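In: I would like the atomic coordinates for the input below:
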Amino acid sequence: MLNNSGFDLWADEYDKTVGISDEENSYPFAGYKEVLGCIYQIIMEKENAVVLDIGFGTGTLTAKLYEHGCSIYGQDFSARMVELASGKMPLAHLYQADFTQGLAEPLQCRRYDFILATYSLHHLSDNQKITFLKNLLPLLNQDGKIIIGTRDEREILENYDFLQKSFDPSFNPPALVADLQDADEVVIFGHSIGENDRQYFKAFFLQQTNFANTRRKDITIFTRDAASELQIKRSLERMTDWNLSTLYGLNNLQIIKTGAIKEDQRKLYDFFVKHGKGEMPTREFIGRLLSQE
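Out: Purely as a prediction, here's the structure:
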C-alpha cells in the first residue's frame, strides 16, 4: 500500500492510471467511471449540495460537482493530490491529512448532505471502517447520506452485510432476540457470536446473567478448537459486562470443540444422544456431521 509520499509521486500520473485501470477493468479502479457517474447522478438530485469527499485524489468527481454548484469539502493524505485538486476547485475546502487517523478537525465542524468515500476505504481495516463511519454519522444533515464507491459486485457482497451489521446495532434478523429469550435450549455455532454478529446476542446473554429475570437455559456453543473457544469466552465476557461466571452459574452452558474429538467426546456424545432420541452416535457419525475443513 502506498504511503503519502508514494501518492505524492503518483499524483501527476493518477488520472491516467485510473483511466487505464478502468478501461482494463482491473484492480484497483475497475468500473471507476460507472461508479462515479452513478454517485454524480445521486448528488445532483439535490440542489447546491454540501459534499465531503474522503480521499478525493485529484478531484475527478468533486471537480464535476463543484462545477455544478456543490460546496466541496475534502480530505486526502497526499499534499500533491490536494494541490492538483485545488487547482480545479479554487474555492473548495480541501485538507491534507491521513484519514486512517480520523477526520481533519476543521471538517468535523461542518454538516454535510453527502459524505463520499470512493475507492478509499480499502486503506482501513474492518474495525477502523466501523469506527470511522460511525464518527461520520453526526456530521450528516437531516436526510444526509454516506455513499461508498467500490470496484465491483464481489466486494459489495463481501462487505455490505459486514458494514450494515456492525454499523447499525438495531440490525437483527426478525424476532431473533425474542426467539432466544423464549427458548428453553439454545444451540449456537461459535462464528455467530464473533465481532460482526455479537450485537444479536448481547441482550440475550445479559438477560441470562440477571438473577431476578433469568430462566435457566441449556446453552450449547459449538466451536473448532481451544483458540476459538478462548475467543468465544472473551466475547461472552464483553456481552455479559464481565459476568461470565454468572452466566455459567445461572445456565447449563457448555462449549464443545468439534476439532478436539478426544477432549470433548463425552460432551459430543451427550449432545447427540439427547437430540438423537436415545440412539448412541458412533464416532463416524459425529465425524460426518462435524466434518473437518
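In: assign the closest residue in space to Lys88 that isn't next to it in sequence to helix, strand or coil.
Out: Nearest non-adjacent residue to Lys88, counting by C-beta to C-beta, 6 or more residues apart in numbering: Ala63, 4.2 Å away. Placement of C-beta: from N, CA and C, glycine included. Three-state call for Ala63 (DSSP: H, G, I helix; E, B strand; the rest coil): helix.
In: isn't Ala63 right up against Pro90?
Out: No - contact between Ala63 and Pro90 fails when scored by C-beta atoms under 8 Å: they sit 10.9 Å apart.
In: what about those two, which has more around it?
Out: Ala63 (16 against 7; other C-beta atoms under 10 Å).
In: mind listing what that one touches?
Out: Going by C-beta atoms under 8 Å, 6 or more residues apart in numbering, Ala63 touches Ala85, Lys88, Met89.
In: please repeat the previous calculation with a cut-off of 10 Å.
Out: By C-beta atoms under 10 Å, 6 or more residues apart in numbering, the contact list for Ala63 reads Phe56, Ile72, Ala85, Gly87, Lys88, Met89, Ala92.
In: out of those, who's the most crowded?
Out: Phe56 (28 neighbours).
In: rewinding a little: distance of the residue nearest to Lys88 relative to Val51?
Out: Ala63 sits 11 Å away from Val51, going by C-beta to C-beta, to the nearest Å.
In: what's the overlap in contacts for these two?
Out: Ile72, Ala92.
In: before we move on, the earlier item: kindly indicate which of the contacts of Ala63 lies nearest Thr214.
Out: The closest of the contacts of Ala63 to Thr214 turns out to be Phe56 (C-beta to C-beta; 52.5 Å).
In: who are the packing partners of the helix or strand hosting Ile72?
Out: Per DSSP states H and E, Ile72 falls inside strand 71-76. Contacts defined by 3 or more C-beta pairs under 10 Å, 6 or more residues apart in numbering; DSSP states H and E place strand 71-76 against helix 4-23, strand 50-54, helix 60-67, helix 79-88, strand 93-96, strand 112-118.
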